[in-house]
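Chemist: What shape does this take:
(one chain, ligands or ions: 2)
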Amino acid sequence: MSKILKDYTLCKHCTRRLISQSYLKTHSKSSKSLKSNCFICKDVFDTLDSILFDIYEKINSFDFKTFNLGLTIKHSYLERDDYLKSKFKIKGVENIKFSVSNELIKKISKKTKTVKNIEEPDIFLQINLKDGSSVIRSKPIFVYGRYNKKIRNIPQKLKSCTSCNGFGCHNCNFTGLESIESVESKISYFLKKKFDANRVQINWIGGEDQSSLVLGNGRPFFAKILNPKKRNRLLQKSFDLENVSLFELRKLPIQPKGSVPFKSEVSITIDTKKLIKSLNLKKLSLLKNTEIINNSKDKNNNTKRIYDVHYKKLGKTKFLLDLFVDGGIPLKSFVQNSDLTPNVSELLENPCFCKKLDFKNIIV
Ligand SMILES: [Zn+2]
Ligand SMILES: [Zn+2]
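Modeler: Ligands and ions are numbered 1, 2, ... in the order given. The predicted structure follows:
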């Protein structure tokens, strides 16, 4: 034991780590002059404060209560550590990387009054001691909400830039996206700003055309907010984003899994090619409680159903169709001639066209 300290200069951290505490107590003199140029770690412990100075500045802008840390150190540290351990037959002690990591965790904990958490830390610090760099990633936040769309001609989703197909170019300011307003762009912008985040991914419960309104209790969505700095921001239940309003907003403790089944109440204005006979229109009642079969898809698909049907003649070649249906039915196809059976055009023996399709309610 004493031999290692005679032959090699070790810092106090490496000494403590490699040599048993009981030995050090009885030979406290030999561990006194432990200064400068540690054989194993080249006094890396003395450099930690200056590295952390940088990191503290960065993590200052993050809300977090827990963190975890990933560390990269020069391989030569580990090699010298292993060399001494095998030469002096030292077993069952932590390695140099572990030791540096623990020291960093101790310091960060103390300074930021937070704790280490391996399972689900609020932030993850990747520290590279080779080049002194560090990267901070924050755990995503999940938000549930519903939206109403009160005017037409706003698409639901962001579209890729047509000039670059989403790669990013001068036309799209390197965002890869068309700079048109969409429900997605409005919600994303709102949530990005709210949580000071990089990016927002939205999982929609169903979709609509840009010409459709979304009324009633609104369409539900789940948003994943990536790398949020302000994790603790309070989220108001409702928020108005001009023509799109959000409500029932709330943070979710975990990511929702899989797809969510839902039903829609829709109101469709339909134009017909031939004149409508009122008697003929009564056939629409047959649609109540029928299953929709999609002949173009394989049969593994979940069966979709129409639950309720109401209709009203609006003119010689125009009628209104109100449906209560399972989510995910391509409603335009259901009205116009298509691979769906039954479908409205076929049933009425009169080619039909979707003029207007609005969502009155979406039920999850
Ligand atoms: Zn050392
Ligand atoms: Zn572009």
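
Chemist: Show me which residues of stretch 84-93 are buried.
Modeler: Using 16 or more other C-beta atoms under 10 Å as the burial criterion, the residues of stretch 84-93 that qualify are 84-85, 90. For every residue, glycine as well, the C-beta is placed using N, CA and C.

Chemist: If you could redo that for stretch 337-354, that was the one I meant.
Modeler: 338, 340, 342-345, 348, 350, 352, 354.

Chemist: ok, back up a step: take the buried residues of stretch 84-93 and keep only those in helices.
Modeler: 84-85 (DSSP state H).

Chemist: Going by distance to ligand 2, which of the buried residues of stretch 84-93 wins?
Modeler: Lys85 (55.6 Å; C-beta to the ion).

Chemist: What separation is there between Phe319 and Ile151?
Modeler: 24 Å (C-beta to C-beta, to the nearest Å).

Chemist: more neighbours, those two?
Modeler: Between Phe319 and Ile151, counted using other C-beta atoms under 10 Å, the more crowded position is Phe319 (22 against 9).

Chemist: Up against ligand 2, what does the stretch 101-250 of the chain have?
Modeler: 161, 163-164, 169, 171-172 (C-beta under 5 Å from the ion).

Chemist: low-scoring pLDDT stretches of this structure, where are they?
Modeler: Scanning the chain with the threshold set as pLDDT under 70 gives 1-2, 21-35, 258, 297-301.

Chemist: Walk me through the domains of the chain.
Modeler: 2-138, 141-252, 263-363 (automatic domain parsing).

Chemist: Now do the second one: distance to the chain's middle.
Modeler: Okay, so that is domain 141-252. 12 Å (C-alpha atoms, centre = their mean, to the nearest Å).

Chemist: Quick check: end-to-end length of it?
Modeler: 7 Å (C-alpha to C-alpha, to the nearest Å).

Chemist: Rebuild the buried residues of stretch 84-93 as JSON lines, extending it with distance to ligand 2.
Modeler: Compiled in JSON lines, the buried residues of stretch 84-93 are given as follows (distance: C-beta to the ion, whole Å):
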{"residue": "Leu84", "distance to ligand 2": "56"}
{"residue": "Lys85", "distance to ligand 2": "56"}
{"residue": "Ile90", "distance to ligand 2": "59"}
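
Chemist: which of the buried residues of stretch 84-93 lies closest to Lys257?
Modeler: Nearest to Lys257 among these: Lys85, at 45.5 Å, using C-beta to C-beta.

Chemist: How about the contacts made by that closest one?
Modeler: 18, 91, 93 (C-beta atoms under 8 Å, 6 or more residues apart in numbering).

Chemist: Out of these, flag the one nearest to ligand 2.
Modeler: Using C-beta to the ion, those come closest to ligand 2 at Val93, 55.5 Å.

Chemist: pretty sure the closest one is in contact with Thr15, am I right?
Modeler: No - Val93 lies out of contact with Thr15 (C-beta atoms under 8 Å); the separation is 11.3 Å.

Chemist: Need the distance between the two termini of stretch 199-214.
Modeler: Start-to-end, stretch 199-214 (C-alpha to C-alpha) is 25 Å.

Chemist: what's in contact with that stretch?
Modeler: The contact list for stretch 199-214 (C-beta under 8 Å, 6+ apart) reads 147-157, 182, 184, 187-188, 191-192, 219-227, 256, 260, 262, 264, 327-328, 332, 356-359, 362, 364.

Chemist: ok, now with 6 Å
Modeler: 148-149, 152-153, 155-156, 184, 188, 191-192, 220-226, 260, 262, 327, 357-359 (C-beta atoms under 6 Å, 6 or more residues apart in numbering).

Chemist: Now which of these would you call buried?
Modeler: 148-149, 155-156, 184, 188, 191-192, 220-226, 327, 357-359.

Chemist: tell me which element the closest residue to Leu320 other than its chain neighbours is part of?
Modeler: Excluding the flanking residues, the one nearest Leu320 by C-beta to C-beta, 6 or more residues apart in numbering is Lys312, at 4.5 Å. Applying DSSP states H and E as the criterion places Lys312 in strand 304-315.

Chemist: who does the next helix or strand after that strand touch, helix- and strand-wise?
Modeler: Using DSSP H and E, the helix or strand that follows strand 304-315 in sequence is strand 318-326. Judged by 3 or more C-beta pairs under 6 Å, 6 or more residues apart in numbering; DSSP states H and E, strand 318-326 is in contact with strand 263-272, strand 304-315.

Chemist: hmm, try it at 8 Å
Modeler: Counting contacts by 3 or more C-beta pairs under 8 Å, 6 or more residues apart in numbering; DSSP states H and E, strand 318-326 packs against strand 263-272, strand 304-315, helix 331-335.

Chemist: Fine by me, we can end here.
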